[in-house]
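Novice: below is the sequence, then the predicted model.
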Amino acid sequence: MRREAIGAAALLGVGLLACLGPYPNVGEKLDQVDLVNGTSYIALDAGAARILILAPFDGGSAAPFTRIDEQQPRAVQTLQGTYFGDATNRLSVTFSSNALFSLPNEASKPVSDRTGARRTELSPPLQSKVRIDAQTEDLLDLSGSTDIAGHFLALLGRTALITGNDATATACAFHLANLAVESSEARIPGFNSAGMTQYLNRVEPFQGILSGTVSVGLVGLFSPVVTTTYTHYADFEGVALDGAQVSSTNASGDGALTGVLGFRIQRRGLPDLEGQVDYRGVSLTGGNESGDYLVRLDGGTEYAVPTGRRVPPLEECLGL
Amino acid sequence: MGPDPGAPEPEVAREGRSGMRRPQWWAVVLGLVLPGAGIAVAHPVETQEATAAPAEAEASTKADPRDGWRHEFSPAWHMATFWSKDSGSHYTFHSLSIGYLMSVNAAGPFLHLSWVIPLQARQDGRVHSVSSLYQNGGGVDLLLGWQWRKTVTTEIEFEGGPGLHMNALNLGGKPGLTNFNALQLGPGGMTILRWRPGWRPHKVGWTVGAVGALGIDLFDPLRSNDLRIGVTLRMGVLLGVDLP
């Protein structure tokens, strides 16, 4: 009975204050990601990161893929589907996307007007034809459809460029780990909007594209405390997350972040880097972050990495 | 300290039986906000009326069987069917509803407030039992408007009128499933066929009857107005009291 009352209050409150986006399907699953275990590549274009994960064919004619686009400030679009080659032309590949996870940049909108993260079924599937211009162990050049094309480099080879634990290496490691954090947020329906009220008094797990889980739960309707907990979470090769991020705000999204999130940066031919980000220096205004992330890498000094634009840029960190 | 014969007649007499007296407006407003208060507030008005109005006016008021408050309990079948803009899906929810119905006088305001218990959910031909997907679900159906009563015979009465409709639905998803909620608004209307037997213990009449209500929902502020159009139909029986 108490949950019913909370549900009715939530509906009334949210109805008066906010919108939750389009109607969901009846009985729709919260977590609908496809696991893709394969090689991860990264391409960068003016600070925007594009990550492509290609599962091996394993003798078949088609294999799953994931493409994650991350713009700055935070905006994520993740495509999932299958890719297959052309029997007559080995250099021609078609990527068929059937699902899009999106987290739009809604920083200028009040929380109550935001759509937040959502999953869209692409029916018919989005067909993207690309041509393989070059391919080595570390490089994959794709031209053609702008949905997929890019000058990609194997991610594990790029993370090997992050060495030491000085301020630059610490910031670079954090920026890479934060790609995984932002990617995970696009997978949580309603994230960054009033749609988070659906996690009121419940904890829901979501699988990482590569491994692990992230779970999200909300306590308190008008002073919401959202706890996002990562357990061996990885969306792509090179970064794994463990720990928790807690946001405590009022209904307008003003408040602060707390919690400590550990991350592990995997590097080809080198031992993993371990670090942690402490969120206690980050404030939230209308759901938007400001302040500093307090980051420590491999037991070194704790450095303040400012929110907002990546400094240094990922191009510099990963030698792209 | 009786009424002054030289003083103008109270508003109640000037406006006639079918009009709304100013004190009774307050009763209506309170009655709409707090149904239980409607009964309590109605009585002081009657007392005031009895003191102020001439005896023949009181007799005449009681002579019209359409006057007074109706408070009724109504179990009903409730169907909400609607189409979404974004995905073009067609949803239908079949529910049991338990309602409170209230109306005042031969012409006056009415309120239909129902607690809705969804039993079956359909989307684009797929049929689901609500209890298999959702927990702690429920809804509220509200129809608020203006009604007119017509007597067919001394014991049978017809009531109908237009209003504003709200259908709110909140279904909490089971673990791993999304919630489903909606807050649909639009015009509506209702009709009641009521039988009022002559038995009136303690001057309280009893009524039984049937009710049908229709809502055409056009706007859902909760869902970014993803609602293309919705139709809500409620059909049931009623059992009530007819206060003087």
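Specialist: That came through, no problem.

Novice: just the element for the residue most central in space within chain B, please.
Specialist: To find the centre residue of chain B, average its C-alpha atoms and take the closest one (CA atoms, centre = their mean): that gives B:His112, at 1.9 Å. Using DSSP states H and E, B:His112 sits in strand B:107-123.

Novice: repeat for B:Ser97
Specialist: Applying DSSP H and E as the criterion places B:Ser97 in strand B:90-104.

Novice: next, the angle strand B:107-123 makes with that strand.
Specialist: Angle, strand B:90-104 to strand B:107-123, by axes from the mean of the first three to the mean of the last three CA atoms, to 10 degrees: 160 degrees.

Novice: give me the buried positions along strand B:90-104.
Specialist: Neighbour counts over strand B:90-104 (16 or more other CB atoms under 10 Å in any protein chain shown) mark B:91-95, B:97, B:99-104 as buried. All C-beta spots, glycine's among them, are computed from the backbone N, C-alpha and C.

Novice: ok, those vs chain A, which is closest?
Specialist: B:Tyr91 (6.8 Å; CB to the nearest CB).

Novice: so what's residue 81 bridging to?
Specialist: In the absence of a named chain, chain A is used. According to DSSP bridges, the partner residues bridging A:Gly81 are A:Phe65, A:Ser97.

Novice: that was the other one, I meant chain B.
Specialist: The bridge-partner assignment for B:Thr81, based on DSSP bridges, gives B:Thr92, B:Val231.

Novice: please verify my assumption that it contacts B:Tyr91.
Specialist: Yes - B:Thr81 sits in contact with B:Tyr91 when judged by CB atoms under 8 Å, with a separation of 6.9 Å.

Novice: return every residue with contacts to both of those two.
Specialist: Counting by CB atoms under 8 Å, 6 or more residues apart in numbering or on different chains, B:Thr81 and B:Tyr91 have no shared contacts at all.

Novice: closest approach to chain B from chain A, which residue is it?
Specialist: Proximity of chain A to chain B (CB to the nearest CB) peaks at A:Pro22, 3.7 Å away.

Novice: my guess is that residue contacts B:Ser224, does it?
Specialist: Yes - between A:Pro22 and B:Ser224 there is a contact under CB under 8 Å: 6.3 Å.

Novice: what is the strand holding B:Ser97 packed up against?
Specialist: Secondary-structure packing of strand B:90-104 (3 or more CB pairs under 8 Å, 6 or more residues apart in numbering or on different chains; DSSP states H and E): helix B:22-33, helix B:35-52, strand B:69-84, strand B:107-123, strand B:134-151, strand B:227-243.

Novice: relative to strand B:107-123, how tilted is the host helix or strand of B:Ala168?
Specialist: Counting by DSSP H and E, the secondary-structure element that holds B:Ala168 is strand B:156-173. What separates the directions of strand B:156-173 and strand B:107-123 is an angle of 40 degrees, with the same axes, to 10 degrees.

Novice: wait, isn't A:Asp166 in contact with A:Val295?
Specialist: No - with contacts counted by CB under 8 Å, A:Asp166 stays clear of A:Val295, the gap being 11.8 Å.

Novice: more crowded one of these two?
Specialist: The residue with the greater number of neighbours, taking A:Asp166 and A:Val295 and applying other CB atoms under 10 Å in any protein chain shown, is A:Val295; the counts read 26 against 13.

Novice: write out the residues of chain B neighbouring chain A.
Specialist: Contact residues of chain B with respect to chain A, defined by CB under 8 Å from any CB of the partner chain, are listed as B:84-87, B:89, B:91, B:121-123, B:126, B:128, B:132-133, B:135-138, B:140, B:168, B:170, B:172-173, B:175-183, B:221-224, B:226-227.

Novice: tell me where the stretch 201-320 of chain A has strands.
Specialist: Using DSSP state E, counting those that start in this stretch, the strands of the stretch 201-320 of chain A run over A:203-207, A:211-219, A:225-234, A:239-249, A:255-258, A:260-267, A:270-278, A:282-285, A:288-297, A:302-306.

Novice: as JSON lines, those strands with mean pLDDT and distance to chain B would be great.
Specialist: Converted to JSON lines, the strands of the stretch 201-320 of chain A look like this (pLDDT from 0 to 100; distance: least, CB to the nearest CB, whole Å):
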{"stretch": "strand A:203-207", "mean pLDDT": "96", "distance to chain B": "7"}
{"stretch": "strand A:211-219", "mean pLDDT": "96", "distance to chain B": "11"}
{"stretch": "strand A:225-234", "mean pLDDT": "97", "distance to chain B": "16"}
{"stretch": "strand A:239-249", "mean pLDDT": "96", "distance to chain B": "20"}
{"stretch": "strand A:255-258", "mean pLDDT": "95", "distance to chain B": "24"}
{"stretch": "strand A:260-267", "mean pLDDT": "96", "distance to chain B": "24"}
{"stretch": "strand A:270-278", "mean pLDDT": "95", "distance to chain B": "29"}
{"stretch": "strand A:282-285", "mean pLDDT": "94", "distance to chain B": "24"}
{"stretch": "strand A:288-297", "mean pLDDT": "94", "distance to chain B": "21"}
{"stretch": "strand A:302-306", "mean pLDDT": "95", "distance to chain B": "34"}
